[in-house]
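# requesting a structural model of the entry that follows:
(one chain, ligands or ions: 1)
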Amino acid sequence: MPAVAGTPALTVTDKPLVSLKPGTIPRAVDTTVDVLIVGLGPGGLIAAREFAKQGFNVLGIDRKQELGWPKRCAEGVSDEGLAHCGVKPDPAWAYGRIEGAALYSPSGKRVVLEGADTYGWVVERKIFEKHLARDAILAGAKIMVKTQAVNLLKDQAGAVAGVRAEFMGTQFNIRAKLTIGADGIDSFIGKWSGLKTLNRVRDYHSGFQYEMVGVAGYEEKWLHLYFGEDVAPKGYVWIFPKGEGVSNVGIGILAKESEWGNRAQDYLDRWIERNPQMFQNASITEINGSGIPVSARVPEPVGDGVMLVGDAAQLVNPIHGGGIIIAMRAAMIAARVGGEALRAGDVSAAKLRPYIVEYQTKDEGAVTEKLLRMRYFMENLTDRDFERLADILDGTTIMEVANARFPTFIKLLLKHFPKLAPLVRKYIMAVQQMEEAKAQRDWDEVDQLLANVEKTLAEQAAA
Ligand SMILES: Cc1cc2nc3c(=O)[nH]c(=O)nc-3n(C[C@H](O)[C@H](O)[C@H](O)COP(=O)(O)OP(=O)(O)OC[C@H]3O[C@@H](n4cnc5c(N)ncnc54)[C@H](O)[C@@H]3O)c2cc1C
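Have a look, this model is predicted:
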């Protein structure tokens, strides 16, 4: 290729790299493994570690040339979540110590959430993920970076049987008994496998973020969340402190609210300009953005020979969009269920389905599906409603809501917002239907509240 004047010469070739031959470390040559993991974010790396610990022959691939970078994330994780996944905070990546959160109404009223439930870290993902990779490799997994899945391999019966991958211009086949799609929000493993991964437009947030140094006027021990229609429609602005004057300053808005001049970045830039006292000595050291699925999950994250974890299965918290810990927890369940299926010699969708059943009934899914309804409910609230909520809600009640325990919240709503009664009723009915379908929890108290709503409605109609 001719060199372009003034630019460094580039070498471009479509010939396979001659140095790539089978060897002691994974190379771009056809290979067969027990478990192939596509995507090495937190979900894929925990899956790699957990499958390897069971003695399986595991290969993980990621299209990035460096794991963990560029991040598309505010990097907040909880103590409880890390401990559940057997990850010990390390000063190399656990940067900002968090002991609570401060929520701000449109006019600036502040409600603070504190307590052990709120403890956690703002991490440096590019080091965090390298450490997760180290743990996976030391447990026996092999990984390849700069290696992208470009197509799916299927067996004669149509079951997923690995991928065709590409490393620096060289394509090769990775055959696997079980393929884990941990390839994030852009997941192609799900689409190629024929799993329904398309979301409704109302279930996407558009996220945009600056990592900044020199922002002033916030307590470093709290996460800070700012609400309001002018701040972030159907979303919020955040400041996640990474310690020593560094913070992630970002925004998530409902994607369908985004339009030219009113994109997530436009809202964030306007909010920064309205707060010069915080930003006059600040500069941006990194810019990133991405879509955030806020739907709780795809309908069916397993198929014959394939399982999806993390963002690939849209396993996120539908209210705040957090998905690191959720991806890791789901990966732990997937590795256990997938391991049993492999040992039984049956990796059919039916054999893999207990993964999602366990996630939905005993793990984060039990909470996130209710939070999805709560998000729809909250999207109907106006700035005025948020101001009044700031007056009546305390940190404890907000934490209950965050953990999908709603009775106190609903009682307060009915007492202070009788005009919201029809909406509250709709919400409770939706949750009830869901619970009936799953027949798993005692909602007697909510039944009682529903009766109260009916009474309030009748009284309103009579007045
Ligand atoms: C602006 C923003 C802020 C956020 N803040 C937070 C937060 O503070 N806390 C939190 O918990 N969550 C947050 N999230 C969400 C969080 O980043 C994700 O939920 C989390 O990263 C999901 O992990 P994962 O392992 O499923 O996928 P990812 O971390 O997205 O990893 C997927 C990997 O797959 C690789 N890949 C994709 N396609 C291929 C392919 N074809 N072949 C090979 N490799 C492939 C990618 O390179 C990537 O490394 C935020 C998201 C955004 C956008």
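# contacting residues around the residue nearest the centre of the chain?
Using Cα atoms, centre = their mean, the residue of the chain that lies closest to the mean C-alpha position is residue 323, 2.1 Å off. Residues near residue 323 by Cβ atoms under 8 Å, 6 or more residues apart in numbering: 292, 310-311, 315-317. Any C-beta I mention is one placed from the backbone N, CA and C, and that applies to glycine too.
# for it, give me phi and psi.
Backbone torsions of residue 323, given as degrees, to the nearest 10, read phi -140, psi 0.
# can you give me the distance of it to residue 456?
Here residue 323 is placed at a distance of 37 Å from residue 456 (Cβ to Cβ, to the nearest Å).
# what's the pLDDT at residue 405?
pLDDT recorded at residue 405 is 75.
# sorry, that was for residue 66
Note on residue 66: pLDDT of 96.
# my guess is it contacts residue 125. True?
No. Contact criterion Cβ atoms under 8 Å: residue 66 and residue 125 do not qualify, at 11.1 Å.
# give me the more crowded residue out of those two.
More crowded of residue 66 and residue 125, by other Cβ atoms under 10 Å: residue 125, with 23 against 12.
# which ones are touching that one?
Contact analysis of residue 125 by Cβ under 8 Å, 6+ apart lists 68-69, 71, 73, 75, 93.
# among the contacts of residue 323, which one sits closest to the ligand?
Closest approach to the ligand among the contacts of residue 323 (Cβ to the nearest ligand atom): residue 310, at 2.1 Å.
# any idea how far residue 312 is from residue 42?
According to Cβ to Cβ, residue 312 and residue 42 sit 12 Å apart.
# gap between the spatially closest residue to residue 99 that is not a sequence neighbour and the ligand?
Spatially, and ignoring its direct neighbours in sequence, residue 99 is nearest to residue 221 (4.7 Å; Cβ to Cβ, 6 or more residues apart in numbering). Counting by Cβ to the nearest ligand atom, to the nearest Å, the separation of residue 221 from the ligand is 16 Å.
# related to what we said a few turns ago, contacting the ligand as well, which ones from the contacts of residue 323?
With Cβ under 6 Å from any ligand atom as the criterion, these include 292, 310-311, 316 near the ligand.
# could I get the buried residue list for stretch 175-189?
Within stretch 175-189, the residues that count as buried by 16 or more other Cβ atoms under 10 Å are 176-185, 187-189.
# now it - C-alpha only, CSV.
The C-alpha coordinates for stretch 175-189 follow below in CSV (Å, rounded to 0.1, in the frame of the first residue of the first chain):
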residue,chain,number,x,y,z
ARG,A,175,-15.5,-25.6,17.8
ALA,A,176,-17.1,-25.9,21.2
LYS,A,177,-19.5,-28.1,23.0
LEU,A,178,-21.0,-25.0,24.7
THR,A,179,-20.7,-21.4,23.6
ILE,A,180,-21.3,-18.5,26.1
GLY,A,181,-22.3,-15.2,24.5
ALA,A,182,-20.9,-12.6,26.9
ASP,A,183,-20.5,-10.1,24.1
GLY,A,184,-22.3,-7.2,25.6
ILE,A,185,-25.0,-4.9,24.3
ASP,A,186,-23.9,-5.4,20.7
SER,A,187,-24.3,-9.2,21.1
PHE,A,188,-24.2,-11.1,17.8
ILE,A,189,-24.0,-14.5,19.4
